[in-house]
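Q: Sequence and computational prediction follow.
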Amino acid sequence: MKALPSLAALALLAAAPVYADCSYPTPPDKIPDGNTATLEDMVKAQKAVKDYNNAITAYLSCIKLEHDDAVSKGGDKLTKEQLADLERVEAQKHNAAVDQLQGIADRFNDQVKVYKAKNDKSKG
């Protein structure tokens with residue numbers, strides 16, 4: 001019977017209005033290899049990472065709106081367990097998006113370091 005609060009919370013989320021912007025953003029296709037990338041490749045990747053960051057920020061705002069709307073619509077009818085489930089779902093979505101963004105940013109920054117090191121050596 002413990003599954004019932006979770007199912008009810010998920011039903012409330014499903015009943016909340018679907019915000020068009022809440023589709024999960026697509027990460028950049030490719031992070032260039034700093035050893036072989038051109039400056040143009042690195043600039044293009046930087047723009048893609050920045051655009052992805054902006055898309056994740058919009059996604060996080062959207063899932064927060066969905067969460068707040070579900071809590072508002074549930075009102076006093078929500079049990080503590082249902083409210084906790086709504087909080088957990090929103091936190092999981094939020095954390096997954098931030099973790100993925102951080103991983104992509106880290107990979108890009110690593111390749112920027114490689115690119116800079118390669119190009120600094122070639123100038124000397």
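A: Sure thing, it's come through.
Q: Could you give the average pLDDT over stretch 50-68?
A: The average pLDDT within stretch 50-68 is 96.
Q: Lys64 touches Ala91, doesn't it?
A: No: using Cβ atoms under 8 Å, Lys64 is not in contact with Ala91; the gap is 10.6 Å. C-betas here are computed from N, CA, C, even on glycine.
Q: I'd like the average pLDDT over the helix or strand Leu86 falls within.
A: Taking DSSP states H and E as the criterion, Leu86 maps to helix 80-123. For helix 80-123, mean pLDDT is 94.
Q: what packs against that helix?
A: On a contact count with 3 or more Cβ pairs under 8 Å, 6 or more residues apart in numbering; DSSP states H and E, helix 80-123 meets helix 3-15, helix 39-74.
Q: and those as TSV, adding mean neighbour count?
A: Below are those laid out as TSV (neighbours: other Cβ atoms under 10 Å):
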stretch	mean neighbour count
helix 3-15	15
helix 39-74	16
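Q: Adding distance to Lys121, write these out as a markdown table.
A: Output for the helices and strands packed on helix 80-123, formatted as a markdown table (distance: least, Cβ to Cβ, whole Å):
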| stretch | distance to Lys121 |
| --- | --- |
| helix 3-15 | 53 |
| helix 39-74 | 15 |
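Q: Tyr24: which of these is closest?
A: The closest of the helices and strands packed on helix 80-123 to Tyr24 is helix 39-74. By Cβ to Cβ, the value is 6.4 Å.
Q: So what angle separates the directions of that closest one and helix 80-123?
A: Interaxial angle of helix 39-74 relative to helix 80-123 (axes from the mean of the first three to the mean of the last three Cα atoms, to 10 degrees): 170 degrees.
Q: Tell me the helices and strands packed up against helix 39-74.
A: helix 3-15, helix 80-123.
Q: how distant is it from the center of its chain?
A: Centroid separation between helix 39-74 and its chain, computed with Cα atoms, centre = their mean, to the nearest Å, is 6 Å.
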